[in-house]
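[1] Predicted coordinates and the sequence they were generated for:
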Amino acid sequence: MSITQRSVRLSALAAATVLALSSSFAVSAADRVNLATVQPNGSNQQFIVKYRDASRAGEATLQGRLDRAASTSGLLNSAASRGRGKGLGLQRLRRMATGAEVVRADRKLDRAEAETLMRQIAADPNVEYVEVDVRLYPAMTPNDTYYANLMWGMKGGAGGARFDQAWDSADGEGVVVAVIDTGIVPHSDLDANILPGYDLISDPFVGRDGNGRDDDPTDEGNWNNETECDSPGDDRPARSSNWHGTHVTGTVAAVGNNNKGVIGAAYRSKIVPVRVLGRCGGELSDTADAITWASGGNVPGVPDNPNPAEVINLSLGGRTDCGQTMQNAINGAVARGATVVVAAGNNNLDVSGSTPASCSNVVAVAATSNAGSRASYSNYGNLIDVSAPGGDGEGCSVNGTPRIVSTIDGSDTASSGESYGCYNGTSMATPHVSGLVALMQSAAPTPLTPAQIEATLKSTARALPGSCSGGCGAGIIDAKAAVDAVVGGSSGGGSNAAQTYSNGTDYTINDYATVESPIAVSGRSGNGPASATIAVDIRHTYKGDLKVDLVAPDGSVYNLHNRSGGSANDIIGSYTRDLSSEALNGTWKLRVNDNYYGDTGYINSWSITF
């Protein structure tokens, strides 16, 4: 996310200095200030200043220049000295081999203060450049056993999600993810990140634990014989236990850098396991209750969840349309601030016939292979939001199209002890996205809404390098880009730092009709930038019917798309517009007009960054 630079009024002394610049110094003071090095988190304390004549100036002269810059910057020294007019203390520490000076303020400065000081230093015509002495850290390279050769989904290859590039900025610490699945078994690569969960399976036969709902989310195994899961017209084969919930949990939050096994996408996040699937599957009613409970809502007869989740992972589904019961549960969870991430399904069919992936207010996830193509089994369609690594093919080999390795139990029936296994499916893709949401929440200075999360996931996704037939959403998630987009976000850098505002609610586009999706902006000052970014995700079967406009709070209209593209589907992309004449505060609208009949769609989401 770009950072809007504040304009700083120079003091009378600094202004006079600028006016007296020699013609030999053609570069402006602003050009000598490297604002890209300013940190948004208030950790700016050491600076590097390069003087043109440093070799000839004595230490006293250099310190005097620093003292003058600090005293005229208008910054106060400390809380104790505020109100007494004392200038900021700035001390020369040492000269570098390059001839630059390392200087240190007597307190940490926030972004605006650091920019003010740096500009004041650069007002001296003898300054060649000034920048923050940024603190560096070791690059994150996990030592987990299977990371180097098997965990392609976490890396930056063709089908990878680039978590390895995001871990230097975020690790998921402080974020709670609920995994609503088959429950969990004890595993030394998970245990440190597991919070108390719940078993919400109401049928003892399905639960296989001799009772109904209880506070033990342990996976009892979901194996079955050749007949016990049969129903009229549906002959179900025998199957072994797959420890599905444990595998999903490992992809989200397996402990990282512990010299064993795997690393989770958000390896310091915490998991609340919620058990809804057992022998022969599970009931929709139990899953709907689980969504409510996991997000902090009340379920009759069940103690409230002491650790409400910010992210809910649903690597489950069935071939049916989204009903009102499931939609109500999801709406309630989203209203409580939880982002609901759902597997698209493994039927190689349009996702519109699967639930809960076809419900509104969810992030629906398709699966990709390590080559970056849609996995052969993955559902697809206009309702897909993003894609993520799900694997395809056989085994764990790094050759061909490998699966996703994660934590499981070693038994085919009842639990016998921890192990690791390789699976593929949209169930494996979904926890990659849930883990990324946890990283984003841990990196953002203030909690992000589900709509902001969805819009950022889409706007930062990258196009599939391989093939995708039927629709794979905005592309493969990009962990690095998504985390970068929220670091130093809405609370960083004051009221005019660049911020992203989003609306992820679906708005239906009917024939011969106009629809508007609003975004309210407040607490800002001044006008927009000359290069504001508008990210649009519109799902439609004939985009040539559509005219898409950005409407400013004063009613000014900025056209984004004007009935072009013919029969091509969807309008997904970013636009740049000059909004420098528009006040930031007020209600902005994305307006879509359909001028023909026979093709419909909806505004899936949109965002504006300024």
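    That came through fine. Numbers count the residues shown, from 1 in each chain.
[2] wait, V351 sits on A343?
    No - at 9.6 Å, V351 does not count as touching A343 under the criterion of C-beta atoms under 8 Å. The way it works is simple: take the backbone N, C-alpha and C, and place the C-beta from them, glycine included.
[3] so what sits against both of those two?
    A357 (C-beta atoms under 8 Å, 6 or more residues apart in numbering).
[4] T61: neighbour count?
    13 (other C-beta atoms under 10 Å).
[5] The one 10 residues further on too?
    When counting by other C-beta under 10 Å, one arrives at 18 neighbours for S71.
[6] Phi and psi next, for it.
    phi -70, psi -30 (degrees, to the nearest 10).
[7] With K270 instead?
    phi -110, psi 140.
[8] need the next SSE after whichever strand or helix holds S442, C-terminal direction.
    Using DSSP states H and E, S442 maps to helix 426-443. Where DSSP H and E defines the elements, the next helix or strand beyond helix 426-443 is helix 450-460.
[9] which other helices and strands contact that following helix?
    Packed against helix 450-460 by the contact rule (3 or more C-beta pairs under 8 Å, 6 or more residues apart in numbering; DSSP states H and E) you find strand 339-343, strand 363-368, helix 426-443, helix 479-486, strand 500-503, strand 532-540, strand 601-609.
[10] just to revisit the earlier point, just the angle for the helix holding S442 relative to helix 479-486, thanks.
    Here the directions of helix 426-443 and helix 479-486 differ by 30 degrees (axes from the mean of the first three to the mean of the last three C-alpha atoms, to 10 degrees).
[11] Need the per-residue pLDDT for S315.
    At S315, the pLDDT value in this model is 98.
[12] and if you look at A139?
    Value listed for A139 in the pLDDT field: 63.
[13] ok, now S240?
    94.
[14] The spatially closest residue to it that is not a sequence neighbour: what's it in contact with?
    Take S240 and drop its neighbours on the chain: the residue closest to it by C-beta to C-beta, 6 or more residues apart in numbering is D412, 3.9 Å away. Residues in contact with D412 (C-beta under 8 Å, 6+ apart) are W223, S240, S241.
[15] Relative to L93, how far out is D412?
    64 Å (C-beta to C-beta, to the nearest Å).
[16] again with G555
    Distance from G555 to L93, by C-beta to C-beta: 55 Å.
[17] any idea how far G159 is from H244?
    22 Å.
[18] who's more crowded, those two?
    G159 (27 against 22).
[19] List of residues touching the helix or strand harbouring T292?
    Per DSSP H and E: T292 is located in helix 284-294. Contact with helix 284-294 is made by 178, 180, 198, 200-202, 272, 274, 276, 298-299, 302, 304-305, 308-309, 312, 314, 316, 318, 323, 325-326, 328-330, 332-333, 338, 340, 355-356, as judged by C-beta under 8 Å, 6+ apart.
[20] And that helix, what's buried?
    Buried residues in helix 284-294, counted by 16 or more other C-beta atoms under 10 Å: L284, D286, T287, A288, D289, A290, I291, T292, W293, A294.
[21] now those residues in CSV, with pLDDT and distance to S378?
    As requested, the buried residues of helix 284-294 are exported to CSV (pLDDT from 0 to 100; distance: C-beta to C-beta, whole Å):
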residue, pLDDT, distance to S378
L284, 96, 22
D286, 97, 26
T287, 97, 21
A288, 97, 25
D289, 98, 28
A290, 98, 24
I291, 98, 23
T292, 98, 28
W293, 98, 29
A294, 98, 25
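[22] will you turn those into CSV that also has distance to V262?
    Below are those laid out as CSV (distance: C-beta to C-beta, whole Å):
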residue, distance to V262
L284, 31
D286, 29
T287, 26
A288, 31
D289, 31
A290, 25
I291, 27
T292, 31
W293, 28
A294, 24
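[23] Tell me the one of the residues you listed nearest K260?
    A294 (28.5 Å; C-beta to C-beta).
[24] In the protein, where is pLDDT below threshold?
    Applying pLDDT under 70 to the chain picks out residues 1-30, 40-42, 54-58, 74-87, 137-139, 397-401, 488-498, 525.
[25] How far does the helix holding T292 sit from its chain's centre?
    Helix 284-294 sits 24 Å away from the centroid of its parent chain (C-alpha atoms, centre = their mean, to the nearest Å).
[26] just the angle between it and strand 339-343, please?
    Using the same axes, to 10 degrees, helix 284-294 lies at 150 degrees relative to strand 339-343.
[27] before we move on, the earlier item: now restrict the contacts of D412 to buried residues only.
    Listed as buried from the contacts of D412 are W223, S241; burial here means 16+ other C-beta under 10 Å.
[28] mind giving me a markdown table with the contacts of D412 and columns for distance to L584 and secondary structure?
    Conversion of the contacts of D412 to a markdown table gives the following (distance: C-beta to C-beta, whole Å; DSSP: H, G, I helix; E, B strand; the rest coil):
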| residue | distance to L584 | secondary structure |
| --- | --- | --- |
| W223 | 58 | coil |
| S240 | 58 | coil |
| S241 | 55 | coil |
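[29] ok now do the most centrally placed residue in the chain, which residues does it touch?
    In the chain, the centroid-proximal residue (C-alpha atoms, centre = their mean) is M440; its distance is 3.9 Å. For M440, the contact set (C-beta under 8 Å, 6+ apart) comprises A170, L448, I453, T456, A482, V483, V486.
[30] hmm, try it at 10 Å
    166, 170, 172, 175, 266, 310-311, 339, 448, 452-453, 456-457, 460, 479, 482-483, 485-487, 489 (C-beta atoms under 10 Å, 6 or more residues apart in numbering).
[31] and the gap between it and N258?
    24 Å.
[32] C229 too?
    38 Å.
[33] And this protein, split by domain according to the record?
    The record's domain split for the chain, according to automatic domain parsing, is 12-132, 147-219+240-486, 500-609.
[34] I'd like the distance between D209 and G282.
    Counting by C-beta to C-beta - D209 and G282 are separated by 13 Å.
[35] hmm, I was thinking of V341
    V341 is 18 Å from G282, by C-beta to C-beta.
[36] higher neighbour count, the two?
    V341 (32 against 25).
[37] wait, isn't that one in contact with E310?
    No - contact between V341 and E310 fails when scored by C-beta atoms under 10 Å: they sit 11.2 Å apart.
[38] Next, show the common contact partners of these two.
    Counting by C-beta under 10 Å, 6+ apart, the residues touching both V341 and E310 are V177, V437, P450, I453.
[39] Could you save the residues you listed as CSV and add columns showing neighbour count and distance to T514?
    Formatted as CSV, those follow (neighbours: other C-beta atoms under 10 Å; distance: C-beta to C-beta, whole Å):
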residue, neighbour count, distance to T514
V177, 33, 39
V437, 33, 33
P450, 27, 26
I453, 26, 28
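[40] Find the nearest non-adjacent residue to A482, please.
    T460 (4.5 Å).
[41] The one you found and L439 touch, don't they?
    No - T460 is beyond contact range of L439, at 12.0 Å (criterion: C-beta under 10 Å).
[42] These two: which has the busier surroundings?
    Higher neighbour count among T460 and L439: L439, with 28 against 23, using other C-beta under 10 Å.
[43] so can I have a markdown table of the helices and strands packed on helix 450-460 showing distance to I48?
    Formatted as a markdown table, those follow (distance: least, C-beta to C-beta, whole Å):
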| stretch | distance to I48 |
| --- | --- |
| strand 339-343 | 40 |
| strand 363-368 | 43 |
| helix 426-443 | 26 |
| helix 479-486 | 24 |
| strand 500-503 | 31 |
| strand 532-540 | 31 |
| strand 601-609 | 30 |
